[in-house]
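[1] Got a predicted model here, sequence first, then my questions.
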Amino acid sequence: MANLFVAYVLWFFGGAWGLHHFYLGRDRHAFIWWSTWAGCFGLGWVRDLWRLPEYVYAANKDPAVSLQALDEKAKRYPTPPFNVVRFAGEVTVGFLFGILIRICIPDDFVELVIGRILSIIVPPLAVTIGVHLVGNVSPEKVSFKWALYGAYTSVPLLLFDSGNNLVYSSILSAIAVNWKGKNWNRDYLEKRGLCKRIFVLTFCGLIYLSLWSSAIYFNATITTKEGDEVPLREAINNFFTSPAWADTKESFRNLYKYYQEHGWENLYNKIVDSLDPLGETKAYKDLGLHENATEEEIKKSYKKLVKQWHPDKHMKEADPDKKAEAQKRFIEIQEAYETLSSIKKKRARRSKKSRSTSQDHGDHTEL
């Protein structure tokens, strides 16, 4: 038996992912909420605030009673009456799915003949799936065939503008299923196994996430500090051939070797050290020193670099970038020296305290 309080808790904390609908056995509803950012950008989530009691009541009703009530409703309305909210949902989700598929196709591929054909044929199919998904939310069902007919009616318009005219494709598809392809769904009360439900939702979710990943990969750009826009796919490819990636791979290899030699117990401390939480490694690097440098070597390097990068020494530089670099390096050197000084003072105090404790313990033992 579904509990109204539990449903509201899931609605409040997990409503954006459709957890309350999954709890009530409304899997299509749950997937729509998850894939459209809380039900068409939060609107559906807000609407559920007053619809949840009805959903809980429907989930708890005896199947025989529910089917009898559905049959009585079907006698009054041979086909489900037009619902503005459901129609708007069909149009919105259909358009979203269509646009998603369209932006998954790279623009440079669309310039080819085969790419142009795919950009016209495939998005209306995605529109059909979106409209069909919303139209089949219980207790109604719609015909995939009529949703398909309506979506592909707009293909001539897609020849001119495959992006904006997907709106017409989703509207025509929603009109088609509400005009001809809609009926009552008597099978919506059938119980399905939990494992099967989770598997189906996970599978659909992975497909949806892979499509968004492709869309971002092919369309997103990164802006450099010089203002140049670089396509994300080029930036990713460049990263995997960069020194930073080589250093990252080497770090993973070193951690794996360390694990083989010292086991899991000491690996955590090694990872923490690798992350440089105190900024000690960076400080040594900024001062051009190795990690075992003495206090005298640190002071010597600090004095040398401070003289070299002091802003007053670069005041006459014509290039403003060089002035900015000198200022930045000077600050880094100051911070590095302060970091190392602070760390060494703390360690010296800790060492002194440890020796004092050991000495007191030794004196106590002699007594």
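    Okay, I see it. Numbers count the residues shown, from 1 in each chain.
[2] For K75, see how far away W184 is.
    11 Å (Cβ to Cβ, to the nearest Å). No exception for glycine: its C-beta is placed from N, CA and C like everyone else's.
[3] what about those two, which has more around it?
    W184 (17 against 8; other Cβ atoms under 10 Å).
[4] List the buried residues in the host helix or strand of A283.
    With secondary structure defined by DSSP states H and E, A283 is part of helix 280-286. Residues 280, 283-284, 286 are the ones in helix 280-286 that count as buried (16 or more other Cβ atoms under 10 Å).
[5] just those residues now: which is nearest L52?
    E280 (54.0 Å; Cβ to Cβ).
[6] Verify the stated contact: that closest one with S341.
    No: counting by Cβ atoms under 8 Å, E280 stays clear of S341, with 11.4 Å between them.
[7] Run through the strands of the stretch 201-350 of the chain in chain order.
    Counting by DSSP state E, counting those that start in this stretch, the stretch 201-350 of the chain has strands at residues 221-223, 229-231.
[8] And the ones you listed: which comes nearest D312?
    D312 lies closest to strand 221-223 among the strands of the stretch 201-350 of the chain, at 33.9 Å (Cβ to Cβ).
[9] May I have the strands that pair with that closest one, each with its orientation?
    Using DSSP bridges, the strands paired with strand 221-223 are strand 229-231 (antiparallel).
[10] For the strand or helix carrying R28, give me every contacting residue.
    Assigning secondary structure by DSSP H and E places R28 in helix 27-35. For helix 27-35, the external contacting residues (Cβ atoms under 8 Å, 6 or more residues apart in numbering) are 15-19, 21-22, 39, 44-45, 89, 93, 96, 133-134, 136-138, 197, 200-201, 204-205, 208.
[11] re the thing from before, out of the strands of the stretch 201-350 of the chain, flag the one nearest A293.
    Per Cβ to Cβ, nearest to A293 of the strands of the stretch 201-350 of the chain: strand 221-223, 37.0 Å.
[12] Return the set of buried residues in that closest one.
    Per 16+ other Cβ under 10 Å, strand 221-223 contains no buried residues.
[13] pretty sure A38 is in contact with R47, am I right?
    No: using Cβ under 8 Å, A38 is not in contact with R47; the gap is 10.4 Å.
[14] between the two, which one's more packed in?
    Between A38 and R47, A38 has the larger neighbour count (other Cβ under 10 Å), namely 17 against 13.
[15] So M1 versus K141, what's the distance?
    Distance, M1 to K141, using Cβ to Cβ: 26 Å.
[16] who are the neighbours in contact with N183?
    Counted by Cβ under 8 Å, 6+ apart, N183 has contacts 79-80, 140-143.
[17] For it, list each beta-bridge partner.
    In this structure, N183 bridges to K141 when assessed by DSSP bridges.
[18] helices or strands next to the helix ranked longest in the chain in the packing?
    When the chain is parsed with DSSP state H, its longest helix is helix 320-366. Applying 3 or more Cβ pairs under 8 Å, 6 or more residues apart in numbering; DSSP states H and E, one finds that helix 320-366 contacts helix 280-286, helix 295-309.
[19] quick check, A126 in a helix?
    Yes: under DSSP: H, G, I helix; E, B strand; the rest coil, A126 falls within a helix.
[20] What count of nearby residues applies to it?
    If you count neighbours by other Cβ under 10 Å, A126 ends up with 24.
[21] Ok, the one 3 residues further on next?
    Under the neighbour criterion other Cβ under 10 Å, I129 is assigned a count of 19.
[22] Repeat that for D312.
    Neighbourhood size, D312 [other Cβ under 10 Å]: 8.
[23] Residue ranges of each domain in the protein, please.
    Following automatic domain parsing, one finds the domains of the chain at 4-219, 279-366.
[24] and those domains, which one's lowest on average pLDDT?
    If these are sorted by mean pLDDT, domain 279-366 sits at the bottom with a mean of 82.
[25] what distance separates that one from the centre of its chain?
    Relative to the mean C-alpha coordinate of its chain, domain 279-366 is positioned 40 Å out (Cα atoms, centre = their mean, to the nearest Å).
[26] was I right about S138 contacting R26?
    Yes: between S138 and R26 there is a contact at 6.6 Å, judged by Cβ under 8 Å.
[27] Just the buried residues out of the contacts of N183, in PyMOL syntax.
    Here is the PyMOL command that picks out the buried ones among those, judged by 16+ other Cβ under 10 Å:
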select buried, resi 80+140+141+142+143
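[28] Output the contacts of N183 as CSV; include the columns distance to F330.
    Formatted as CSV, the contacts of N183 follow (distance: Cβ to Cβ, whole Å):
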residue, distance to F330
T79, 77
P80, 73
E140, 70
K141, 71
V142, 69
S143, 72
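[29] so what's T281 closest to, chain neighbours aside?
    In space, and not counting its chain neighbours, T281 is closest to E291: 6.8 Å by Cβ to Cβ, 6 or more residues apart in numbering.
[30] how deep is that neighbour tucked in, by neighbour count?
    Residues near E291, counting by other Cβ under 10 Å, number 9.
[31] my guess is it meets A283, correct?
    No: counting by Cβ under 8 Å, E291 stays clear of A283, with 9.7 Å between them.
[32] returning to what we had before: so which of the domains of the chain is the most packed in?
    Ranked by mean neighbour count under mean count of other Cβ atoms under 10 Å, these are led by domain 4-219, which reaches a mean of 17.
[33] From start to finish, how long is that domain in a straight line?
    One end of domain 4-219 to the other measures 43 Å (Cα to Cα, to the nearest Å).
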